[in-house]
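Engineer: Provided below for reference: sequence and predicted model.
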Amino acid sequence: MAVPESFPASDGQQPGSRSLPQAQSLPQAAPLNQASAAKPQPTRAQPLKSEPLKPGGARPVVVAKDGSATGIQQRVEDAEMEVDVAEAALRNAPPWLVSAAVHMVLLIILALLVVATQGDHQIFLQSTPTEDEDISELFSHELEMNNPLGNDETADEIDPSFTPDHLPEVPDPLAAPPQSEIDPTADTTQSEITAVTPGIAFMGRNPGMKRALGNRYGSTGGTRKALDDGLGWLIKNQHADGSWSLVGPYSKGARSENRAAATAMALLAFQGDGHTHLEGKHKKVVAKGWAWLSKQQDELGNFFTEGSYHQRFYTNGQCAIAICELYGMSKDQKYREPAERAISYLLKSQGPAGAWRYDPNEGADVSVTGWIVMALQSAMMAGLKVPEENLEQIRQYLDTVGEQNGSRYPYQEGQQPTLSMTAEGLLCRQYLGWKQSDERLINGVEWLTQPENLIDYKKDPNVYYWYYATQVLRHMEGVYWKRWNNVMREALPSNQVKSSRNRREAGSWEPNMDDVHESKGGRLFTTCLSIYMLESYWRHMPKYSNIHLELLKNVGGK
């Protein structure tokens, strides 16, 4: 160990060894490193006295009562070692020991930080004023803040003053909502409207939001299983080329073939559950289906290639809904132009009455028009433009054909209103701007939810009516939705074909061959509409509420 320079070697000693200073007397307190080099005289040790160490003062010197240096050699050494032990240790400690000590201190600090984050969810700040400034008035009491890392129920109630008011505006409404109300379905009626944030309307199909919305709006384990079994039936009946058929190979198929319509409806069933050609456990099924259906569209945007002539715009409406959803969900740019082309074809085919029927620019009925309105709505939800002029023409047509001030609708003008056409007409009204509190809308849904008009497979099965009514009442929420869903969530799973009855058709729903719609669409048509109903909890975001903003706090969109 090296010797401090203040201790020179004495006669007869090797350099580097310690020699204690000699002194005749110590009348004054001298620093230890300036002690005399004279040899100490042996004398009897005397009792010692010490002077207390004053803050900022010099080291105390220990002397005998008579002031002599007798016996001071041992006592000076003791005093020196007591006072300078820390300094000597630091000067002479090996580097590895210093490093170990520093790391040990850091580990202790980190451990204390971890323990602190697991403690009480309150943080208290205190301050002590300095000698030259008095700031005690600023900290006259404790400042209490909610701990954002904890699970305190009031964690979201932090005073907004902690957020700077000069931040730049963020275009994403989920990050910084504008002052105006956010419309998650982007169905405002301004000219050339686009979705506020394309994709919000489809976010309910993400796994996390699907669970949250399903729980909130009353889905059950039974509805989930029935949905999965229905998709399983569609997988079993997909053709090798990726298409589906209306006529078979299953029983009770449609009377005529229309593979484009069948494939579009099957793809809508998978997409409604969150599967695209890029994501979801059934993405290969969806990709295979779109590889076939994409080839059926011509340069005008028309998908209709086979079937009876009255199916032309049913087919184009269904295919347009499907391709707009696919683009809106995946944002795959290769589907943008085909989606725009499909919508352009529909808009150019609108009839003079403002509606659609079987041929381009001719005729009008509520049934076909309802499918086209949903296609235009899907386009807007995907961020595509739809001119206000076309939407206004549809409103004027519904004003003309509606009965009882617009609360009930027939198939065509002058005919008697029906439940199915009323449900379809009211859904159009919701998407075209009627408010949830509109008396005409309320009168209409009151009729739909009368006990005799709820789902009943024994009395008069009508899946076409049930499909449209489910959408209208899902958007209405509240008591109307509860009336409907309490019956629907039991009836649909109970009437699904089970494997014990018919293994080949297990997962499907039997069509009512006496119904005009179901007889023309057959088993695949009935099964797809039933699947859409079971997806209604999340398939479209609620139209009249921003519940997605509340759910995002706990879910995050996945």
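Structural biologist: Yep, it's here. Numbering: from 1, shown residues only.
Engineer: Run a quick neighbour tally on Leu293.
Structural biologist: Residues near Leu293, counting by other Cβ atoms under 10 Å, number 25. For the C-beta atoms, the positions are set from N, CA and C on the backbone; glycine is no exception.
Engineer: I'd guessed it sits against Ala262; true?
Structural biologist: No. Leu293 is beyond contact range of Ala262, at 9.9 Å (criterion: Cβ atoms under 8 Å).
Engineer: overlap in contacts of the two?
Structural biologist: Between them, Leu293 and Ala262 share these contacting residues under Cβ atoms under 8 Å, 6 or more residues apart in numbering: Ser243.
Engineer: With Trp434 as the reference, measure out to Val472.
Structural biologist: 11 Å (Cβ to Cβ, to the nearest Å).
Engineer: Which of those two has more residues huddled nearby?
Structural biologist: Legend: neighbour count by other Cβ under 10 Å for Val472 and Trp434, higher for Val472 (26 against 17).
Engineer: Can you give me every residue that contacts that one?
Structural biologist: 423, 426-427, 430, 444-445, 448.
Engineer: Of those residues - the most surrounded one?
Structural biologist: Busiest of the contacts of Val472 [other Cβ under 10 Å] is Leu426, holding 33 neighbours.
Engineer: can you list contacts of whichever strand or helix holds it?
Structural biologist: Under the criterion of DSSP states H and E, Leu426 resides in helix 419-431. Helix 419-431 is contacted from outside by 185, 187, 366-367, 369-370, 373-374, 377, 394, 398, 401-402, 406-411, 438, 440-441, 444-445, 447-448, 453, 462, 464-465, 468-469, 471-472, 475, 517, 543, using Cβ under 8 Å, 6+ apart.
Engineer: where do the strands sit along the chain?
Structural biologist: Per DSSP state E, the chain carries strands over the ranges 48-49, 63-64, 122-125, 143-146.
Engineer: mind putting the contacts of Val472 in JSON lines, pLDDT included?
Structural biologist: Formatted as JSON lines, these follow (pLDDT from 0 to 100):
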{"residue": "Ala423", "pLDDT": "98"}
{"residue": "Leu426", "pLDDT": "98"}
{"residue": "Leu427", "pLDDT": "98"}
{"residue": "Gln430", "pLDDT": "97"}
{"residue": "Gly444", "pLDDT": "98"}
{"residue": "Val445", "pLDDT": "98"}
{"residue": "Leu448", "pLDDT": "98"}
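Engineer: Find the pair from these with maximum spatial separation.
Structural biologist: The distance between the two most remote of the contacts of Val472 (Cβ to Cβ) is 12.7 Å, for Gln430 and Leu448.
Engineer: What does the residue nearest to Glu518 when sequence neighbours are not counted show for phi and psi?
Structural biologist: Distances taken as Cβ to Cβ, 6 or more residues apart in numbering place Pro511 nearest to Glu518, at 4.1 Å, with adjacent residues excluded. With angles defined as degrees, to the nearest 10, Pro511 sits at phi -80, psi 150.
Engineer: which residues does Pro511 contact?
Structural biologist: 252, 463, 518-519, 521-523, 525-526.
Engineer: Likewise for Ala240?
Structural biologist: No residues are in contact with Ala240 under the rule Cβ under 8 Å, 6+ apart.
Engineer: Same question for the one 10 residues further on.
Structural biologist: Residues near Tyr250 by Cβ under 8 Å, 6+ apart: 237, 504-505, 508, 523-524.
Engineer: Neighbour count added to those, as a markdown table?
Structural biologist: A markdown table is the format used below for the contacts of Tyr250 (neighbours: other Cβ atoms under 10 Å):
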| residue | neighbour count |
| --- | --- |
| Asn237 | 21 |
| Arg504 | 14 |
| Glu505 | 21 |
| Ser508 | 27 |
| Arg523 | 25 |
| Leu524 | 29 |
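Engineer: tell me which of those residues is nearest to Ala322?
Structural biologist: Using Cβ to Cβ, these come closest to Ala322 at Leu524, 14.4 Å.
Engineer: Do I have it right that that closest one meets Gly253?
Structural biologist: Yes. Contact status for Leu524 versus Gly253: in contact at 7.3 Å, counting by Cβ under 8 Å.
Engineer: which residues do the two both contact?
Structural biologist: 245-246.
Engineer: I'd like the contacts of Pro511 as CSV, with pLDDT and distance to Leu384 appended.
Structural biologist: Listed next are those as CSV, based on pLDDT from 0 to 100; distance: Cβ to Cβ, whole Å:
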residue, pLDDT, distance to Leu384
Lys252, 93, 37
Val463, 96, 29
Glu518, 75, 32
Ser519, 77, 34
Gly521, 88, 28
Gly522, 94, 32
Arg523, 96, 33
Phe525, 97, 27
Thr526, 97, 30
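Engineer: ok, which pair from the residues you listed is furthest apart?
Structural biologist: Lys252 and Val463 (13.1 Å).
Engineer: These two: who's more crowded?
Structural biologist: Val463 (26 against 18).
Engineer: just to revisit the earlier point, just checking, which of the contacts of Tyr250 belong to helices?
Structural biologist: The helices, defined by DSSP state H, take in 523-524 from those.
Engineer: Quick check: longest helix in the protein by residues?
Structural biologist: helix 95-117.
Engineer: buried stuff in it?
Structural biologist: For helix 95-117, burial by neighbour count (16 or more other Cβ atoms under 10 Å) applies to no residue.
Engineer: what's the answer for stretch 251-269, then?
Structural biologist: 252-254, 257-269.
Engineer: who touches Cys528 in this structure?
Structural biologist: Cys528 makes contacts with 234, 265-266, 268-269, as judged by Cβ under 8 Å, 6+ apart.
Engineer: Looking at those residues, spot the one nearest Ala322.
Structural biologist: Using Cβ to Cβ, the contacts of Cys528 come closest to Ala322 at Leu268, 5.2 Å.
Engineer: For Glu452, which residues are in contact?
Structural biologist: Contacts of Glu452 (Cβ under 8 Å, 6+ apart): none.
Engineer: can you start the count at 56 instead of 1 from here on
Structural biologist: With the count now opening at 56, the last piece we talked about shows up as Glu507.
Engineer: Need the per-residue pLDDT for it.
Structural biologist: Note on Glu507: pLDDT of 96.
Engineer: surely Gly425 meets Tyr523?
Structural biologist: Yes. Judged on Cβ under 8 Å, Gly425 makes contact with Tyr523 at a distance of 7.0 Å.
Engineer: Test my guess that Pro597 contacts Glu532.
Structural biologist: Yes. Between Pro597 and Glu532 there is a contact under Cβ under 8 Å: 6.4 Å.
Engineer: if you count what's nearby, which of those two comes out ahead?
Structural biologist: Pro597 (21 against 17).
Engineer: For Ala546, give me its contacts.
Structural biologist: Taking Cβ under 8 Å, 6+ apart, one finds 510-512 in contact with Ala546.
Engineer: who wins for most neighbours among those residues?
Structural biologist: Ile510 leads the contacts of Ala546 on contacts (other Cβ under 10 Å) with 22 neighbours.
Engineer: And the nearest residue to that one once chain neighbours are set aside, how close does it get to Gly285?
Structural biologist: Excluding the flanking residues, the one nearest Ile510 by Cβ to Cβ, 6+ apart is Ala546, at 4.6 Å. Between Ala546 and Gly285 the computed distance is 14 Å (Cβ to Cβ).
Engineer: what pLDDT, on average, does stretch 546-564 get?
Structural biologist: pLDDT averaged over stretch 546-564 gives 91.
Engineer: Just the buried positions in that stretch, please.
Structural biologist: 546-548, 550-552, 560-564.
Engineer: between those, which is closest to Arg538?
Structural biologist: Ala546 (13.1 Å).
Engineer: For Arg559, which non-adjacent residue is spatially closest?
Structural biologist: Nearest non-adjacent residue to Arg559 (Cβ to Cβ, 6+ apart): Tyr305, at 7.0 Å.
Engineer: Likewise for Thr581?
Structural biologist: Pro566 (4.1 Å).
Engineer: do the same with Ser274
Structural biologist: Nearest one to Ser274, counting by Cβ to Cβ, 6+ apart, is Tyr592 at 4.6 Å.
Engineer: now Ser422
Structural biologist: Distances taken as Cβ to Cβ, 6+ apart put Tyr466 closest to Ser422, at 6.1 Å, once the chain neighbours are dropped.
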